[in-house]
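pasting a predicted model and its sequence here:
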Amino acid sequence: MQATFELSTTGSGLYEFTSDVEAFVRGEQVATGLLTLFCQHTSCSLVIQENADPDVQRDLDAFFKRLVPDTDDPSMSYLRHRAEGPDDMPAHIKAALTQTSLSIPVSNGRIALGTWQGIYLFEHRTHPHTRRVVAHLSH
Amino acid sequence: MQATFELSTTGSGLYEFTSDVEAFVRGEQVATGLLTLFCQHTSCSLVIQENADPDVQRDLDAFFKRLVPDTDDPSMSYLRHRAEGPDDMPAHIKAALTQTSLSIPVSNGRIALGTWQGIYLFEHRTHPHTRRVVAHLSH
Amino acid sequence: MQATFELSTTGSGLYEFTSDVEAFVRGEQVATGLLTLFCQHTSCSLVIQENADPDVQRDLDAFFKRLVPDTDDPSMSYLRHRAEGPDDMPAHIKAALTQTSLSIPVSNGRIALGTWQGIYLFEHRTHPHTRRVVAHLSH
C-alpha cells in the first residue's frame, strides 16, 4: 500500500500536507498499522510541527535561515558546492538537520498524531519546485 | 501491537525510558520485527544517546540551550511565537532539530540497541509536562 | 529479513553504502516493502544526501565541524564529557542533530531513492572505527 504525494513549493518554508496523508490512510481502511513517509529530495525535508499558530512555521524557517545563511554571506565562504546558487548547499545542510523519513503509527484507522501536530514538507530552496513524498502503509 | 508510554518531565533534559520499551517488546514475544516510537508532541522529541556517562545527557541539553536560546535573549528577538513563554518557540525548534519518530529492529526477541545506546525523551520545555510516546511493533 | 552492514571509517565525513543496501534488498526479492536502517552507535549517524558532487559531502562535514567545534576550542568549555578526547562529546551532539534510523519504501523490488539520493554513514569521530548498521526489510 503505497502512494506518492506531489507537492508544489514556491520558496522556502513549511507546506502542510496532513490532510493528503489522512485521506490516503482512510482510503486504505487499515485499523492498526504503520505509516512511513519518505522525501525523495536532498534540499527539502519533512517535519512534524505545531499547526495551530502560523508563526511557528514562519519562525522555524527564520531560525534555519539564520543558522545556515546562504553562501553569498561571507560567513559561509568555506562552502564549495554552489552549482545551483547561494541557496543550494544551505538547503542540503538544512535537510540533513531535519528529517528525510518519518513513521507514524496508525490506530483505529487514523494516524496517531497528537492534538497540535501537522505533517509538513520543509522546502529549503528559493525557486519553485515540485516535490515527491512516498508513503508506505503496512499493517 | 501498540502501546503508549506516559512520561512525566520536570524541566528540560533527557529522560531515559529504554527499560519501558524493552518490557513492551519482551511482553509481545516477537522474535524478529521492527519497533517504531512516535512522540505526540512538538516541543519535546526523541533521541538515542549514550547511557553510560550522565554528563553526555547534561551536555546535550546545554548545547541545544546555547544553539537555541530562549526568546528573552536579545539574539532571538526575530522570533514571534511566544504564546507560552520564552521557552515555547525554542522548544519547537529543538524538536525539529532532533527526532519525532525512531525505528529500531528487533532481533532474537530484543531491540537491537548498540552497547551504549539508550532511548530518551528529550524535553525542551521548562515547566512539568506529561508526555506521550506511541510504540508500534510489527513482525 | 535482517542484515548487518559493517563499515570501516578513517576520520570524520560521509561514507556512502547505497550499493550495499541495494544488494541486500535485491537479494531478498521483495517487490513492495519497507527498509529500515538503524545505526548502533551514538557518535556516528545516518544521512541521505546528494551523491553527485563530492563537495556536498565535504561541505556537510565542514558545516557540522563549525556548528559543533571540538572541546579544545574555548567556545566549548562548558561541555564536561571528554572521556575519549576533544572530538568525543561533539560527536554525540552531531549524531543527535542527524539521524539514528532511516526508513525507505521498497517499490518494484528497489528502494525508492530519488535521482540524486545516496545513503551515508556520517562519521563524527577522528580516529578509525568499525561501525554497524542493522537493516530490517518488511513486506
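Structure received.

OK, contacts around whichever residue of chain A sits closest to chain C?
Across chain A, the shortest distance to chain C (CB to the nearest CB) belongs to A:Gln40, at 3.2 Å. In this view, the C-beta of every residue, glycine as well, is placed from N, C-alpha and C. Neighbouring residues of A:Gln40 by CB atoms under 8 Å, 6 or more residues apart in numbering or on different chains: A:131-134, C:112-115, C:117.

out of these, the closest to chain B would be?
Among the contacts of A:Gln40, and counting by CB to the nearest CB, the member closest to chain B is A:Val133, at 14.7 Å.

so what's the closest one up against?
A:4-5, A:7, A:17, A:37-40, A:46, A:121.

report how many residues lie close to the spatially closest residue to it that is not a sequence neighbour.
Using CB to CB, 6 or more residues apart in numbering or on different chains and skipping the chain neighbours, the partner closest in space to A:Val133 is A:Phe5 (4.6 Å). A:Phe5 has 17 neighbours, counted by other CB atoms under 10 Å in any protein chain shown.

what's the helix or strand where A:Phe5 lies packed up against?
In this structure, A:Phe5 sits in strand A:2-10 according to DSSP states H and E. Judged by 3 or more CB pairs under 8 Å, 6 or more residues apart in numbering or on different chains; DSSP states H and E, strand A:2-10 is in contact with helix A:18-28, strand A:117-123, strand A:128-138.

now that strand, how far from the centre of its chain.
Distance of strand A:2-10 from the chain centroid (CA atoms, centre = their mean, to the nearest Å) equals 10 Å.

can you give me the buried ones in that strand?
A:2-3, A:5, A:7, A:9 (16 or more other CB atoms under 10 Å in any protein chain shown).

and for stretch A:56-75?
A:56-57, A:59-65, A:67-68, A:70-71.

thinking again about what came up before, is it possible to mark the buried ones in the contacts of A:Gln40?
So, by 16+ other CB under 10 Å, the buried ones in those are A:131-134, C:112-114, C:117.

related to what we said a few turns ago, any chance of the buried residues of stretch A:56-75 in CSV, plus pLDDT, secondary structure and distance to chain B?
Listed next are the buried residues of stretch A:56-75 as CSV, based on pLDDT from 0 to 100; DSSP: H, G, I helix; E, B strand; the rest coil; distance: CB to the nearest CB, whole Å:
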residue, pLDDT, secondary structure, distance to chain B
A:Val56, 98, helix, 5
A:Gln57, 98, helix, 9
A:Asp59, 98, helix, 5
A:Leu60, 98, helix, 6
A:Asp61, 98, helix, 10
A:Ala62, 98, helix, 6
A:Phe63, 98, helix, 5
A:Phe64, 98, helix, 8
A:Lys65, 98, helix, 10
A:Leu67, 98, helix, 8
A:Val68, 98, coil, 12
A:Asp70, 98, coil, 16
A:Thr71, 98, coil, 21
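
now do the contacts for the closest residue to A:Arg131 other than its chain neighbours.
Nearest residue to A:Arg131, sequence neighbours excluded (CB to CB, 6+ apart): A:Leu7, at 4.7 Å. Contact analysis of A:Leu7 by CB under 8 Å, 6+ apart lists A:15, A:17, A:121, A:130-133.

kindly report the same for A:Gly109.
Contacts of A:Gly109 by CB under 8 Å, 6+ apart are A:25-26, A:29-31.

how near is the residue lying closest to A:Asp72 once chain neighbours are set aside to A:Ser75?
Of all residues not flanking A:Asp72 in the chain, A:Pro86 sits nearest, at 4.2 Å (CB to CB, 6+ apart). Between A:Pro86 and A:Ser75 the computed distance is 12 Å (CB to CB, to the nearest Å).

before we move on, what about A:Gln49?
For A:Gln49 relative to A:Ser75 (CB to CB), the value is 27 Å.

and A:Leu46, by the same measure?
27 Å.

any idea of the mean pLDDT in stretch A:92-102?
Averaged over stretch A:92-102, pLDDT sits at 98.

list the contacts of that stretch.
A:36-39, A:41-48, A:64, A:67-68, A:81, A:119, A:122, A:124, B:96-97, B:99-101, C:47-50, C:56, C:59-60, C:63, C:97-99, C:102-104.

over to stretch A:12-20?
A:5, A:7, A:9, A:47, A:49, A:51, A:57-58, A:60-61, A:65, A:87, A:113, A:118-126, A:133.

now do 7 Å
Here stretch A:12-20 makes contact (CB atoms under 7 Å, 6 or more residues apart in numbering or on different chains) with A:5, A:7, A:9, A:47, A:49, A:51, A:57, A:60-61, A:118-126.
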